[in-house]
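Visitor: Dropping a prediction and its sequence here:
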There are 2 protein chains.
Amino acid sequence: MALIVQKFGGTSVGDIDRIKAVAKRVKAEADNGNQVAVVVSAMAGVTNRLIGYVDEIASLHDGSEYDVVVSSGEQITSGLLALALQEIGLKARSLQGWQIPVNTDEAHGKARIQSIDTDRIKECFQRGEIVVVPGFQGITPDRRLATLGRGGSDTSAVALAAALGADRCDIYTDVEGIFTADPRIVAKAHKLDKITYEEMLEMASVGAKVLQTRAVEMGMKHGVRLQVLSAFNDKPGTLVVDEDEVVEQELVSGIAYSRDEAKVTLVRVADRPGVAARIFGPLSDAHVNVDMIVQNVSKDGKATDLTFTVTRGDLKRTIDILEKNKDDLGYEQLSSDENVVKVSVIGVGMRSHAGVAQRMFSSLAEKGINIQVISTSEIKVSVLIDEASTELAVRALHSAYGLDAE
Amino acid sequence: MALIVQKFGGTSVGDIDRIKAVAKRVKAEADNGNQVAVVVSAMAGVTNRLIGYVDEIASLHDGSEYDVVVSSGEQITSGLLALALQEIGLKARSLQGWQIPVNTDEAHGKARIQSIDTDRIKECFQRGEIVVVPGFQGITPDRRLATLGRGGSDTSAVALAAALGADRCDIYTDVEGIFTADPRIVAKAHKLDKITYEEMLEMASVGAKVLQTRAVEMGMKHGVRLQVLSAFNDKPGTLVVDEDEVVEQELVSGIAYSRDEAKVTLVRVADRPGVAARIFGPLSDAHVNVDMIVQNVSKDGKATDLTFTVTRGDLKRTIDILEKNKDDLGYEQLSSDENVVKVSVIGVGMRSHAGVAQRMFSSLAEKGINIQVISTSEIKVSVLIDEASTELAVRALHSAYGLDAE
């Protein structure tokens, strides 16, 4: 008998018929003789409606009361799924975050799970019950309701799987798994059977938002075997596992891209110690996340050009801050460009193989695509290119690394 | 400094603008230097939507999970009102039924409040906070969510007022108070300044459903001063109080009517001991509530006619049961009539005055209205008449007892 945690997102529980379909899927796992805990999101659209109510009342809201309002969406789904499970003959019981309890810190609206008490869940298991847990919820030390922030139900599921020592945590979504590239762009993309936590994290950081980053980090930390699979068909999904479980390691596992990029260039910044800190300090204070950074080698020893990227949503704020501090920073000119995209090749295999970056650069050069900025990590190479070349670049790289399906 | 409990129903908190209006009304009470606890219903329509979800899944549902789903409506309103209060400069905090806790029995869906712990509420008061409590909710001994049944928020408010020893419990509704008769029928009806608990109970039992019966009973038991008033204007409402607070006792306080009546007559039932028990036993077993009962005097000592009333919703079931048991009961004929209405005159003053019933009978006779069944209690006389005469009867009685406004 295995212990499985299943997590169903908002689309999977979007209406009553879908909740009934989820119940059948849970039943299939229970009929295999497994103990099952199910984590559910709010029905699609509910959380947004509740947040809309809050925004209508207060632009700067109290996090504690915000959490009272928005955590109710998951509560509703948990009760409904328990009823649907009972209706098809299973014993089922919902347990709210405060009932378990799922203990969090006090950061309302973006709380972090500190611990999960499993006693009450295990009592349910002993009675032969399937346990339904609303994701996204917890309770603070002073017994106030807390929520984990958007996408928090993934984290709830993985944390629960870790606390229970579950054999697997299945994350049901509206995609079939993790692909070698976005199938809408690359017709020859194929689903990966396995991917490592590290690769999954890098994928998430460059726009392939199938799993919430915190959930992957938690899975990696606690060694929870994750599976990403579709709630709408019965195909096997992608397992997210430790590196040593991936037997035949490909050089590159996937090609990802992110359009949410904007490039900022400061022309002729004074080339002296401390200038980078003076530029990026105010941006950091304003919670602007700076990603890729390139500083050209100074030609005359006096001034240099500095290029970096931010998300498109942060661009206006970034420009405002830099212009306000122009005298202090001492640059000659400020330019920006939103028509850029970041394309990344990701794979743990590149740790032990040279030439991965070189193959990327030459493939892009063959297609006449100009590389504007480069950044690398241990298992990722990213380049910033003209947005118009996105599809061309992703397809070329997919072929170049031998990822095209037969 | 007084301690006031305010309760706002679903229409009063029907959308965000109305919740903001409620916040202003709460502020006015707080600005008078009072401690305030606010009890809120779900936003109009929300509870019905949630019950609809449950019905779509399971016709015979588990009460515990039903309560998980439907109690969320009040949770949402409580958080939103706390935010709206904060937005206009007040300190406010919501406390869910399980946080207080409001302890109930285990009758899910129609739970009864056993006790309310006031420590956490008083802590909030000490911090100068207004406390917002979702009505309708509680927690069972085994720490499951419970709901009190439809209209339960009135009961929550009165129970909270009793537990806190509140100076007053204001029930805000969509009417201005308790009237001497339905103003839609009697143009000269006027609002009562005061009414006794007993009269309020009788009014509720005959269709004037302004306050939930259990809430009035609880108010009477614990001596909670109740006020029924409008959420949509600033006029004073009607106080529901002990009899000794009503100084100038009118003979009759109001005329009420109920259309939800159906008459059943069994012709020539055997006139022997035990036959009434054999007739009403099976109806009671089927949860059919029998109201007025009249047994004619037997003319020949062998058989008699028996007439009684049930709600219209129960009529079909009643007939089925009686027909199934016809042989056992030994009646000759069964007839029924749904075109009847029960009209009642209510007033604690009639305890000490003779002739109240007589004035009712003669007023109706003057208008040519035939009385089909009569029933009386200590402070109420009810008659069953042809439904077509409803308005005529109510207006005639309103005049006959001197209730017409100048």
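Guide: Looks like it came in fine. Residues are numbered from 1 along each chain as shown, chains lettered A, B, ... in the order given.

Visitor: And stretch A:78-97, how far out from the chain middle?
Guide: Distance of stretch A:78-97 from the chain centroid (C-alpha atoms, centre = their mean, to the nearest Å) equals 28 Å.

Visitor: Likewise for stretch A:23-36?
Guide: 27 Å.

Visitor: Okay, buried residues for it please.
Guide: For stretch A:23-36, burial by neighbour count (16 or more other C-beta atoms under 10 Å in any protein chain shown) applies to A:23, A:25-27, A:29-30, A:34-36. Where C-beta positions appear, they are placed from N, C-alpha and C, glycine not excepted.

Visitor: Please apply the same query to stretch A:98-110.
Guide: A:98-104, A:108-109.

Visitor: near chain B, from those?
Guide: A:98-99 (C-beta under 8 Å from any C-beta of the partner chain).

Visitor: who's in contact with the most centrally placed residue in chain A?
Guide: In chain A, the C-alpha nearest the mean C-alpha coordinate belongs to A:Gln212, at 3.1 Å (C-alpha atoms, centre = their mean). For A:Gln212, the contact set (C-beta atoms under 8 Å, 6 or more residues apart in numbering or on different chains) comprises A:151-152, A:154-155, A:204.

Visitor: Buried ones among those?
Guide: Buried members of these, scored by 16+ other C-beta under 10 Å, are A:151-152, A:154-155, A:204.

Visitor: Got the domain ranges for chain A?
Guide: Taking automatic domain parsing as the criterion, chain A consists of the domains A:3-174, A:244-406.

Visitor: Quick check, A:Leu334 in contact with A:Arg268.
Guide: No - between A:Leu334 and A:Arg268 there is no contact under C-beta atoms under 8 Å: 10.7 Å.

Visitor: Mutual contacts of the two, please.
Guide: Going by C-beta under 8 Å, 6+ apart, no residue sits against A:Leu334 while also sitting against A:Arg268.

Visitor: count of neighbours near whichever residue of the stretch 101-250 of chain A sits closest to chain B?
Guide: Residue of the stretch 101-250 of chain A nearest chain B, by C-beta to the nearest C-beta: A:Arg143 (6.3 Å). A:Arg143 has 13 neighbours, counted by other C-beta atoms under 10 Å in any protein chain shown.

Visitor: tell me the phi and psi of it?
Guide: phi 60, psi 40 (degrees, to the nearest 10).

Visitor: One more: A:Thr104?
Guide: Torsion angles, degrees, to the nearest 10, at A:Thr104: phi -120, psi 170.

Visitor: Just grab the bridge partners of it for me.
Guide: A:Ile113 (DSSP bridges).

Visitor: Can you dump the C-alpha atoms of stretch A:217-235 in CSV for me?
Guide: Taking C-alpha atoms only, stretch A:217-235 is exported to CSV below (Å, rounded to 0.1, in the frame of the first residue of the first chain):
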residue,chain,number,x,y,z
GLU,A,217,12.3,23.7,-4.0
MET,A,218,10.4,22.0,-1.2
GLY,A,219,10.2,18.7,-3.2
MET,A,220,14.0,18.9,-3.8
LYS,A,221,14.7,19.6,-0.1
HIS,A,222,12.6,16.7,1.2
GLY,A,223,13.1,14.3,-1.7
VAL,A,224,9.4,14.2,-2.6
ARG,A,225,8.8,12.3,-5.9
LEU,A,226,6.7,14.7,-7.9
GLN,A,227,4.7,13.9,-11.0
VAL,A,228,3.1,16.5,-13.3
LEU,A,229,0.3,15.1,-15.3
SER,A,230,-3.0,16.0,-17.0
ALA,A,231,-6.3,16.1,-15.1
PHE,A,232,-8.1,15.5,-18.4
ASN,A,233,-6.6,12.3,-19.8
ASP,A,234,-5.0,9.1,-18.5
LYS,A,235,-1.5,9.5,-20.0
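
Visitor: now chain A, which segments are flagged as low pLDDT?
Guide: A:205-208, A:247-249, A:406 (pLDDT under 70).

Visitor: Does the residue of it most remote from its centre belong to a helix, a strand or coil?
Guide: Residue farthest from the centre of chain A, counting by C-alpha atoms, centre = their mean, is A:Asp300 at 43.3 Å. The three-state assignment at A:Asp300 reads coil, by DSSP: H, G, I helix; E, B strand; the rest coil.

Visitor: quick one on the thing from earlier: looking at the domains of chain A, which is closest to B:Val228?
Guide: domain A:3-174 (27.4 Å; C-beta to C-beta).

Visitor: Next, the distance between the ends of that closest one.
Guide: Length of domain A:3-174, first residue to last, C-alpha to C-alpha, to the nearest Å: 24 Å.

Visitor: starting at the chain centroid, how far to it?
Guide: Taking mean C-alpha positions (C-alpha atoms, centre = their mean), domain A:3-174 and its chain are 18 Å apart.
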